[in-house]
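Q: what follows is a predicted protein model with its sequence.
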Amino acid sequence: MSKVGWIRLAIVLGSVGLLEILCQSGVIRPLTMIPPSRMAVELWKLGASGKLAPPVTKTLGNVAAAFILSVVFGFIAGLLIHALPRFRRALDPLLASYYAVPFFVFYPVLIVIFGMSDLPIIIIGFLFGVVAMIINTLNGLDRVPTVLLKVGRMNRMSALQTAALIKLPSAAPYLFTGVKLAVAYSFIGVIASEFILSGSGIGYDIAYAYNNFDNRTMYALMLFILTTVTALNMALYIWEQRMLKRRQGGR
Amino acid sequence: MSAVALDKPANATLRRWTDFFLLIAGLVVVWYLLHLWAGEVALTSPYETVAKLIDLLGQAWFWPHVGETLLALFYSLLIASIGGLGLGTLLGIHRLSGQVAEPILVALYALPKITLYPLILLIFGLGLSAKVAFGAIHGIIPVTIFALNAVRNIKPVYLKTARVMRLTPLQAMRTVWVPAALPEIVSGQRIGFALTLLGVLLGEMFASQQGLGFLIINAIGLNDVPVIMALALLLALFAVAVSSALLALDRKLHQRS
């Protein structure tokens, strides 16, 4: 690992250690926060008791569904919008301010329409994720080198061939950013919906534990979400860095 | 895009606005069709929503809630934009700490921060400070990331030029650093604004007895669809208005550089 990596690791471990010391020594009261080591122990116990698996599968399943829908629809919508420049110019200010609108306020409306199932939660996750994918697809398509498109025209490639052989590979880094954001936003949408109004899932369990002053379960679940999301993101980040390095080497 | 602008510079602006209003009209039509499909109970029609919003805006009890949200938003934005700018600039100038901090910031950015709301409530208690804290943690990270990249990606030749011309630090700041980094910083502030508003509303939904977020969660509890829709419309209009203004500024700065 590089020097930067070691410093980073030291900072992360140092902050966790500091938190541990502050909690153990009572500077942070146990009612506010339990020590990180206790969170891990509680999480382990929760996992061993079998109470962790059902909400986790439920939440992760919903996130996965929302994520896949966001990426597929976002990419297709991005391609279509990019092909219609006039429509796109009109749409731009709306896309740019999309994330300021708290979409989960429509969640109760969706429940009335679709019933109290997983579907409204998946739709909210999708609504959160899809626009990040659209914006990044547009960004990527903007940066496809014109010369490559000309080469495509000279070779008389069909629209589909151009999309698959030229646009997709050259927009790939931006699409990857979109995918990363879609993961993050799907998580946010799904968990926020579970917090607000739902009967199961990790978000619901955290809210339930909070309302019952059950700090141990609450922090164990919080630790689980934070570590899962971070691990997932780090994996994507490392993969992205590798991809970028390979690209630069290939040139 | 620019070809159109070059042909008819006078008509381009007009056409852009026509397109924009056509799009809005299209969205309203879609909304109305959804209303017809889902029924009165699930989704109020555009007309009723606007009527309800005007009705709400005319009532005296409504305005303190708006004021409360704006106050919380103001404080959070203050913390997020100034704090993020300061932190990002420092991390951008000091290359090593920037390299160390960036992946950590990106990881923090991707966390579903709503998970942390019980923690914020336990620290700050119910009320204004919890809302402000919640808004600020949402907004500060993107502002920092953008400021960091803005400062770090200033072309070295600009800085060398400043050194060659023996500018004082203050002159260099005014004539080189700020103009070079400003476009990206404004982009960061724009995203920071959107997320701060989201954070403040989330905070109000869980941690407050006042504000628009509180009114929304209340209406959700009562399943008062007209109020939900009217408030969502109000927030959307506000968000789109502020964001468009920042976007226009953003575009102007990016074009100039």
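A: Perfect, I can see it now.

Q: up against chain B, what does the stretch 101-250 of chain A have?
A: The stretch 101-250 of chain A comes close to chain B at residues A:101-102, A:105-109, A:112-113, A:180-181, A:183-184, A:187-188, A:191-192, A:195-197, A:203, A:206-207, A:210, A:218, A:222, A:225-226, A:229-230, A:233-234, A:237, as judged by CB under 8 Å from any CB of the partner chain. C-beta here means a position set from N, CA and C on the backbone, and glycine is covered the same way.

Q: and the buried ones among those residues, selectable in ChimeraX?
A: Typed into ChimeraX, the line below selects the buried ones among those, using 16 or more other CB atoms under 10 Å in any protein chain shown:
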select /A:101,102,105,106,107,108,109,112,113,180,181,183,184,187,188,191,192,195,196,197,203,206,207,210,218,222,225,226,229,230,233
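
Q: phi, psi for residue A:213 please.
A: With angles defined as degrees, to the nearest 10, residue A:213 shows backbone torsions of phi 50, psi 30.

Q: likewise residue B:168?
A: Per degrees, to the nearest 10, the backbone of residue B:168 is at phi -70, psi 160.

Q: next, count neighbours for it.
A: When neighbours are defined as other CB atoms under 10 Å in any protein chain shown, residue B:168 has 9 of them.

Q: how near is it to chain A?
A: With the distance defined as CB to the nearest CB, to the nearest Å, residue B:168 ends up 32 Å from chain A.

Q: which residues touch that residue?
A: Remark: with contacts taken as CB atoms under 8 Å, 6 or more residues apart in numbering or on different chains, residue B:168 is in contact with nothing.

Q: now swap in residue A:173 and tell me
A: Each residue near residue A:173 by CB under 8 Å, 6+ apart is listed here: A:140, A:240, A:243-244, A:247.

Q: quick one: low-confidence ranges for the stretch 151-257 of chain B?
A: Counting by pLDDT under 70, the stretch 151-257 of chain B contains low-confidence ranges at B:256-257.

Q: can you list the residues of it near chain A?
A: When proximity is defined by CB under 8 Å from any CB, the stretch 151-257 of chain B lies next to chain A at B:190-191, B:193-195, B:197-198, B:201-202, B:205-206, B:216-217, B:220, B:223, B:225, B:228-229, B:231-232, B:235-236, B:239-240, B:242-244, B:247.

Q: which residues of the stretch 51-200 of chain B fall in strands?
A: Counting by DSSP state E, counting those that start in this stretch, one finds no strands in the stretch 51-200 of chain B.

Q: can you map out the helices along it?
A: Listed from the start of the chain, the stretch 51-200 of chain B has helices (DSSP state H, counting those that start in this stretch) covering B:62-78, B:84-93, B:95-110, B:117-124, B:128-152, B:156-164, B:169-172, B:178-207.

Q: again with the stretch 1-150 of chain A
A: With DSSP H, counting those that start in this stretch as the criterion, the stretch 1-150 of chain A has helices spanning A:3-24, A:36-48, A:53-83, A:85-96, A:107-114, A:118-142, A:146-154.

Q: can you say which of the ones you listed is nearest to residue B:113?
A: With distances scored as CB to CB, the stretch of those nearest to residue B:113 is helix A:118-142 (13.1 Å).

Q: buried set for the closest one?
A: A:118, A:120-141.

Q: quick check: closest non-adjacent residue to the spatially most central residue of chain B.
A: With distances taken as CA atoms, centre = their mean, chain B has residue B:194 as the residue nearest its mean C-alpha position (1.8 Å). Nearest in space to residue B:194, with sequence neighbours left out and distances taken as CB to CB, 6 or more residues apart in numbering or on different chains, is residue A:100 at 3.6 Å.

Q: per-residue confidence at the one you found?
A: Model confidence at residue A:100, expressed as pLDDT, equals 72.

Q: contacts only, for it.
A: Contact criterion CB under 8 Å, 6+ apart gives B:193-195, B:197-198, B:235, B:239-240, B:242-243 as the residues in contact with residue A:100.

Q: ok, back up a step: out of the helices of the stretch 1-150 of chain A, which one sits most buried?
A: For the helices of the stretch 1-150 of chain A, average neighbour numbers computed from mean count of other CB atoms under 10 Å in any protein chain shown are highest in helix A:118-142, which has a mean of 23.

Q: tell me what that helix is packed against?
A: helix A:53-83, helix A:85-96, helix A:107-114, helix A:168-196 (3 or more CB pairs under 8 Å, 6 or more residues apart in numbering or on different chains; DSSP states H and E).

Q: and that helix, what's its mean pLDDT?
A: For helix A:118-142, the per-residue pLDDT values average out at 89.

Q: tell me the domain boundaries of chain B?
A: Domain assignment for chain B by automatic domain parsing gives B:1-43, B:60-256.

Q: most tightly surrounded among these?
A: domain B:60-256 (a mean of 19).

Q: next one: that domain to chain centre, how far?
A: Taking the mean C-alpha point of domain B:60-256 and that of its whole chain, the gap between them comes to 6 Å (CA atoms, centre = their mean, to the nearest Å).

Q: touching, the residue nearest to the centre of chain B and residue B:239? I think so.
A: Yes. In this structure, residue B:194 sits in contact with residue B:239. The criterion is CB atoms under 8 Å, and the distance is 6.7 Å.

Q: where does pLDDT dip in the stretch 101-250 of chain A?
A: Applying pLDDT under 70 to the stretch 101-250 of chain A flags the ranges A:248-250.

Q: can you name the residues that contact the residue in it positioned nearest to chain B?
A: Scanning the stretch 101-250 of chain A for proximity to chain B using CB to the nearest CB identifies residue A:184 as nearest, at 3.8 Å. Taking CB under 8 Å, 6+ apart as the criterion, residue A:184 is in contact with A:229, A:233, B:109-112.

Q: cool, residue B:206 as well?
A: With contacts defined as CB under 8 Å, 6+ apart, the neighbours of residue B:206 are A:195, B:117, B:121, B:217.

Q: 10 Å - rerun?
A: Contact partners of residue B:206, counting by CB atoms under 10 Å, 6 or more residues apart in numbering or on different chains, are A:195-196, A:207, A:210, B:114, B:117-118, B:120-121, B:126, B:130-131, B:134, B:213-214, B:217.

Q: any idea how far it lies from residue A:46?
A: Computed as CB to CB, to the nearest Å, the residue B:206 to residue A:46 distance reads 23 Å.

Q: please apply the same query to residue A:93.
A: From residue A:93 to residue A:46 the distance is 46 Å (CB to CB).

Q: go on, residue A:55?
A: Relative to residue A:46, residue A:55 is positioned 10 Å away (CB to CB).

Q: kindly report the same for residue B:69.
A: When CB to CB is applied, the distance between residue B:69 and residue A:46 equals 37 Å.

Q: does residue A:212 really touch residue A:218, like I thought?
A: Yes. With contacts defined as CB atoms under 10 Å, residue A:212 counts as touching residue A:218 at a distance of 8.8 Å.

Q: quick one, which of the helices and strands packed on helix A:118-142 is nearest to residue A:28?
A: Between residue A:28 and the helices and strands packed on helix A:118-142, the shortest separation by CB to CB is 23.7 Å, and it involves helix A:168-196.

Q: rewinding a little: which residues does the residue nearest to the centre of chain B contact?
A: A:96-101, B:138-139, B:142, B:239, B:242-243, B:246.

Q: how does it look with 7 Å?
A: Taking CB atoms under 7 Å, 6 or more residues apart in numbering or on different chains, we find residue B:194 in contact with A:97, A:99-100, B:239, B:243.

Q: which residues are contacting stretch A:145-157?
A: Stretch A:145-157 is contacted from outside by A:162, A:165-166, A:170, using CB under 7 Å, 6+ apart.

Q: centre of the chain to that stretch, how far?
A: Between the mean C-alpha location of stretch A:145-157 and the chain-wide mean there is a distance of 34 Å, by CA atoms, centre = their mean.

Q: dump the C-alpha coordinates for it into PDB.
A: Taking Å, rounded to 0.1, in the frame of the first residue of the first chain, the C-alpha atoms of stretch A:145-157 are listed here in PDB:
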ATOM      1  CA  PRO A 145     -14.700  12.600 -29.200                       C
ATOM      2  CA  THR A 146     -16.200  13.900 -32.500                       C
ATOM      3  CA  VAL A 147     -13.500  12.200 -34.500                       C
ATOM      4  CA  LEU A 148     -14.700   8.800 -33.300                       C
ATOM      5  CA  LEU A 149     -18.300   9.600 -34.400                       C
ATOM      6  CA  LYS A 150     -16.900  10.600 -37.800                       C
ATOM      7  CA  VAL A 151     -15.100   7.400 -38.100                       C
ATOM      8  CA  GLY A 152     -18.300   5.600 -37.300                       C
ATOM      9  CA  ARG A 153     -20.100   7.600 -40.000                       C
ATOM     10  CA  MET A 154     -17.400   6.800 -42.500                       C
ATOM     11  CA  ASN A 155     -17.700   3.100 -41.800                       C
ATOM     12  CA  ARG A 156     -21.500   3.500 -42.200                       C
ATOM     13  CA  MET A 157     -22.200   2.000 -38.800                       C
END
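
Q: thanks a lot, see you next time.
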